[in-house]
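S.K.: heads up, no residue letters with this:
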C-alpha cells in the first residue's frame, strides 16, 4: 500500500511538473519574443549580398537564397553563388533574383528582373525565357516577380504585366492580362504573389486587388478594398498570400497590414499596425507569411517579425537589437520560411539571413527564485493575459497575481495581505482577463 501510494504521488507530481513546464514554455515563447536567438548568414559567411528576396529548400535539403546580387545555394556550411556572365548565355539571366520555385522533377525555376530561368541540375546550366514582342506565345513581360507550381505541376509566372501559365509540351506561355474594360479579367497588371488553396483554387495577388481564377480557367473573381466596408480588404496592393493549417487565407498588403479570410465566414478580418500599440502587427508593409509545425503563424514586415496569437488575435513583435549579437539583424524582414526541420529562416534587407533553431537555443524560462523579489512569485501558472502595452498579468496557484513589465524585465506581485482590506482576496488565482476598458 505504501509503495502504491508513493508511486501515485510520484505520477501526480510528474504530470503536474510536466504541465507546469509546458505552460511556462508556451508563455515564455509567445510573450518574450526577444528571447529568440538567431544565427546569422551574411556576406561575412559567404552570402553574395545582404538583401534577401526569397528563400527555398529543395528536395535534397539545400537552401536556395535569392538576393539582389546573385542566387546562392547553402549546403549548411558554404554558399555557392550563381551570377550572370554577359558572355555566357547558359548563366542566370540577371543577378537581381525575385523568386525561386521547384517542380516535381526537382528542377528549379527562378524569376529575375530580366527573365525567367530554368536551372538544369545535371548540366549545371540555365535556360532563359524572355518577353519577345514578335512572339505571342512568349512570356508577357520579362520582369518576373513570382514563380509558383500548383498541385498539377503547372508553372505559373507572375510578371510586372500579366500572369502566365507555361505549356512545356509546346514551349509556350498562356497569358492572363488585366483589362480595364473587363471586370472578370486579372485585377491588376502587376502580379506579385500566387497561391493554390485546399480546394485547388488559384489565387493571384496583384498591385490592384486580389483575384481568384474561376473554374472556366479564363476569368477571375475579384476581391477589392471598399472604403465603407470593414470586411473588405484593407488595401488593394497585395504583396503575399498564405493558407494556414486551418485553411484560412491570409493576405499581406503593401500599406494595409494583413487580412484573414476565415473558413466558413464571409469577408476579411483586418489586422493593421499601430506604432503606439505593441500588440498589433509590426508594420503596414507585409512581405511574407509562414507557419511552423506547432501552428504558429509568423509574419515578415517592415517592422520586424510578428508572431500571431490566435487566442486573443494579437501579435508579439521580434525586432532588431544592435546591442544583442543574437537578435534579428534588420527590422526590414523580406521573408520568413520554415525548413523540413522546422528551423525558421528569415531573409532581411541589409541584414542577410537569420536562422532560428529552437532545439539549439531553446526558450527563456521564468521561474520563482527565493532570493529574487522581482521573479515570478510561484511556478504553477493557471492563466495569463497581455495588456495593450505588451506587458502580462500572470495568475498563479498560491502566489497571487503577477504583472510582468517588459521594459524593466521584472515581475510585480499582488498578494493577499490579511491586514489590508484593499489587497487581493486570495493567492490562488484561477484566471485573469482584461476588459474592453483595459481594466
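M.R.: All right, it came through fine. Note that the structure is predicted; figures quoted are calculated from it, not measured. Numbering: from 1, shown residues only.
S.K.: for the residue nearest to residue 162 when sequence neighbours are not counted, which three-state class applies?
M.R.: The shortest distance from residue 162 to any non-neighbouring residue, by CB to CB, 6 or more residues apart in numbering, is to residue 140 (3.4 Å). From N, CA and C alone the C-beta is placed, and that goes for glycine too. Here residue 140 is recorded as coil under DSSP: H, G, I helix; E, B strand; the rest coil.
S.K.: quick one: the helices in this protein, in order.
M.R.: Applying DSSP state H to the chain gives helices spanning 2-31, 358-361.
S.K.: among these, which gets the worst mean confidence?
M.R.: Of all these, the minimum mean pLDDT falls on helix 2-31 (a mean of 43).
S.K.: how is the protein carved up into domains?
M.R.: What automatic domain parsing lists as the domains of the chain is 37-361, 366-439.
S.K.: next, count neighbours for residue 67.
M.R.: Residues near residue 67, counting by other CB atoms under 10 Å, number 24.
S.K.: re earlier: spit out the contact partners of the residue nearest to residue 162.
M.R.: By CB atoms under 8 Å, 6 or more residues apart in numbering, residue 140 lies in contact with 131, 159, 161-164, 173, 175, 177.
S.K.: quick check on those residues: which are buried?
M.R.: Among these, those classed as buried by 16 or more other CB atoms under 10 Å are 131, 159, 161-164, 173, 175.
S.K.: in strands only, show me the contacts of residue 140.
M.R.: Mapping the contacts of residue 140 onto strands (DSSP state E) picks out 159, 162-164, 173, 175.
S.K.: for the contacts of residue 140, which one is nearest residue 283?
M.R.: Distance to residue 283, by CB to CB, is smallest for residue 159 among these, at 26.3 Å.
S.K.: contacts for stretch 248-266?
M.R.: Against stretch 248-266 from outside (CB under 8 Å, 6+ apart): 195, 197, 203, 205, 210, 225, 231, 233-244, 246-247, 267-273, 280-281, 283-289, 297, 299.
S.K.: please apply the same query to stretch 306-315.
M.R.: Contacting residues not belonging to stretch 306-315 are listed as 30, 33, 269, 271, 279-282, 296-299, 316-318, 385-386 [CB under 8 Å, 6+ apart].
S.K.: among the domains of the chain, which is the most enclosed?
M.R.: A comparison of these by mean neighbour count, using mean count of other CB atoms under 10 Å, puts domain 37-361 on top with a mean of 18.
S.K.: which residues sit against stretch 117-135?
M.R.: For stretch 117-135, the external contacting residues (CB under 8 Å, 6+ apart) are 82, 89-93, 106-111, 114-116, 138-142, 159, 173.
S.K.: ends of it, how far apart?
M.R.: End-to-end distance of stretch 117-135 (CA to CA, to the nearest Å): 18 Å.
S.K.: again with stretch 246-257
M.R.: The first residue of stretch 246-257 is 21 Å away from its last residue (CA to CA).
S.K.: and that stretch, what's its mean pLDDT?
M.R.: Averaging pLDDT along stretch 246-257 yields 97.
S.K.: and that stretch, how far out from the chain's middle?
M.R.: The chain centre lies 10 Å from the centre of stretch 246-257; the measure is CA atoms, centre = their mean, to the nearest Å.
S.K.: try stretch 125-139
M.R.: With CA atoms, centre = their mean, you get 33 Å for stretch 125-139.
S.K.: stretch 304-322 too?
M.R.: Remark: stretch 304-322 is offset 10 Å from the chain centroid, using CA atoms, centre = their mean.
S.K.: JSON lines please, covering the buried ones among the contacts of residue 140 and showing distance to residue 121 and pLDDT.
M.R.: Supplementary listing: the buried ones among the contacts of residue 140 in JSON lines, determined by distance: CB to CB, whole Å; pLDDT from 0 to 100:
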{"residue": "131", "distance to residue 121": "26", "pLDDT": "97"}
{"residue": "159", "distance to residue 121": "25", "pLDDT": "98"}
{"residue": "161", "distance to residue 121": "30", "pLDDT": "97"}
{"residue": "162", "distance to residue 121": "29", "pLDDT": "97"}
{"residue": "163", "distance to residue 121": "27", "pLDDT": "98"}
{"residue": "164", "distance to residue 121": "23", "pLDDT": "98"}
{"residue": "173", "distance to residue 121": "23", "pLDDT": "97"}
{"residue": "175", "distance to residue 121": "29", "pLDDT": "97"}
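S.K.: show me which of those residues is closest to residue 100.
M.R.: Nearest to residue 100 among those, with distances taken as CB to CB, is residue 159, at 15.8 Å.
S.K.: phi, psi for the residue nearest to the closest one when sequence neighbours are not counted please.
M.R.: Spatially, and ignoring its direct neighbours in sequence, residue 159 is nearest to residue 141 (3.7 Å; CB to CB, 6+ apart). The phi/psi pair for residue 141 (degrees, to the nearest 10) reads phi -160, psi 150.
S.K.: correct me, but residue 141 touches residue 160?
M.R.: Yes - with contact taken as CB atoms under 8 Å, residue 141 and residue 160 are classed as touching, separated by 5.0 Å.
S.K.: quick one, what contacts residue 322?
M.R.: If a contact means CB under 8 Å, 6+ apart, then residue 322 has no contacts.
S.K.: residue 405 too?
M.R.: So residue 405 contacts 391, 411-412 (CB under 8 Å, 6+ apart).
S.K.: now with 7 Å?
M.R.: Residue 405 makes contacts with 391, 412, as judged by CB atoms under 7 Å, 6 or more residues apart in numbering.
S.K.: distance to residue 100 for the buried ones among the contacts of residue 140 - can I get that in JSON lines?
M.R.: Shown next, in JSON lines, are the buried ones among the contacts of residue 140 (distance: CB to CB, whole Å):
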{"residue": "131", "distance to residue 100": "20"}
{"residue": "159", "distance to residue 100": "16"}
{"residue": "161", "distance to residue 100": "21"}
{"residue": "162", "distance to residue 100": "20"}
{"residue": "163", "distance to residue 100": "18"}
{"residue": "164", "distance to residue 100": "17"}
{"residue": "173", "distance to residue 100": "19"}
{"residue": "175", "distance to residue 100": "23"}
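S.K.: closest one of those to residue 63?
M.R.: residue 159 (25.6 Å).
S.K.: so how far is residue 417 from the closest one?
M.R.: Going from residue 159 to residue 417 by CB to CB, to the nearest Å gives 69 Å.
S.K.: where in this protein is pLDDT low?
M.R.: 1-35, 361-365, 436-439 (pLDDT under 70).
S.K.: angles on the backbone of residue 303, please.
M.R.: Main-chain dihedrals, residue 303, degrees, to the nearest 10: phi -130, psi 40.
S.K.: so who does it touch?
M.R.: 273, 282-283, 331.
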